[in-house]
Every structure is written in structure tokens, then in C-alpha cells.
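Trainee: coordinates for the following, if possible.
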Amino acid sequence: MAITSNNNASAMGVSRQNPNAVKTEDNREIKDVAAQAKRTQNTAILKANEQVSLRSNNDSLSLLYKTALEGINAELEPVLGENASQKIYDSGIDTSPEATAERIIAFATAFYSRYKELSGAESEEKTLDNFLAVITPGIDKGFTDAKDILKGLKVYEGDVETGVDSTYDMVMQGLASFREKMLELAAKQQEDTPPADTETKPV
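Mentor: Predicted coordinates:
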């Protein structure tokens, strides 16, 4: 009888534990299914909203502009603080490779003066190099993210691919030109500024 009693107790113990184990497993399965459903829904929404419009090069570059700005913002945040820039997504404007590149360059370089103030008394060249080292990875990430979206939608080809690649090349050229221009301005200011210890002696 003791054996039977022990067996019954064991069976009852198992029956008490099993509901919890089953419940935990069910919850995990429900979460996995919900997460998969959300991913599927997001993909469907993305395709529904963007697949048609992104087949045109202009709309693709508009997406590229948005992701580039977000990338720049993320890189500048540790230096200039949270929300250093507004995440801008312009629509209904010129989105040719030239115009898109110009806006990305203008957006990124607009933060240079503030960055320079925070950098201390470093040379202009070192400050410029450090600034470009901060924003370039953000720009690269923005372009990579845009390419991934376009590739996922199977529209990264033909004019779209050419437009994105051309825009990137122009952005890099524009940043190099910005660097040279800032160095020229700094050199000119140094030439025009008289030495601090210059004194006019009476005749």
C-alpha cells in the first residue's frame, strides 16, 4: 500500500508540475508566433507602401536621403547630444542624384561649427579629419540601409542602382571639397590676423 501511495503522490506531483511546464511552453510558442506574424505584417506593409513607388529612381533617392540623415544623426548623437538633428524626410522635391547629394552634404556639414567649438584648440586640419571620421560611417550606414531595403524589394537595379551609386560618389567628393574649403578659409584667416603681441611704439 505504501508503494501505491508513493506512486499516487508521484503522479500527483507530476500532474501539478506539468500544467506549469505546458503553460510556459505555450506562452513561448504564442510569443514566437506573434513575433513571426508581426514580422510578416511589417514586410507586407513595407511592400505595399513602397514597392510601387520605389521602382522610380527619384523615390528611391528620397528613401536614401532619409536613411542617410538618420545615419548621420546616430553618429553625431554621442558628440552633440540626443536629437542633434531632426530626422527629415522630404517628399515632392528634387531627388536627382546631384540634388540628393547636395542636401546630404549640406545637412552633415552644418554641424561642423558646433563640433569645432566642442573640440577644443585642435588644429583646423585635425578637427576636420575627426569630424569627417564621425559623420562618414553614419553616411555609409544610411546608404547601406537604403540599399538593403531596395534589394529586399528587388528594385536595386538599373537606374535605381546607378542613381544610388552616383549619389554616394558625389557625397564623398563633396565632403572632400568641404575639407579643402575649410582649410583654405582657416589659412586665410590666419594670414589676415595680426600677431597678438604686436604693439605700436610711439615715435
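Trainee: going by C-alpha atoms from here, please, whenever you check contacts or count neighbours.
Mentor: Fine.
Trainee: same question for stretch 129-143, mean pLDDT?
Mentor: Averaged over stretch 129-143, pLDDT sits at 93.
Trainee: so what touches it?
Mentor: Residues external to stretch 129-143 that are found in contact with it (CA atoms under 8 Å, 6 or more residues apart in numbering): 64, 66-76, 108, 112, 115, 164, 168, 175.
Trainee: least confident secondary structure element in this structure?
Mentor: Ranked by mean pLDDT, DSSP states H and E, the weakest helix or strand in the chain is helix 2-50, scoring a mean of 54.
Trainee: can you tell me which helices and strands whatever helix or strand Glu77 lives in packs against?
Mentor: Using DSSP states H and E, Glu77 sits in helix 57-80. In terms of contacts (3 or more CA pairs under 8 Å, 6 or more residues apart in numbering; DSSP states H and E), helix 57-80 is packed against helix 97-109, helix 112-119, helix 124-152, helix 158-192.
Trainee: turn those into TSV, columns for distance to Ser60 and mean neighbour count.
Mentor: Below are the helices and strands packed on helix 57-80 laid out as TSV (distance: least, CA to CA, whole Å; neighbours: other CA atoms under 10 Å):
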stretch	distance to Ser60	mean neighbour count
helix 97-109	10	19
helix 112-119	28	14
helix 124-152	8	18
helix 158-192	7	15
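Trainee: so which of those gets nearest Asp59?
Mentor: Across the helices and strands packed on helix 57-80, Asp59 has its closest neighbour in helix 158-192 (9.1 Å, CA to CA).
Trainee: okay, the angle between that closest one and helix 112-119?
Mentor: 60 degrees (axes from the mean of the first three to the mean of the last three CA atoms, to 10 degrees).
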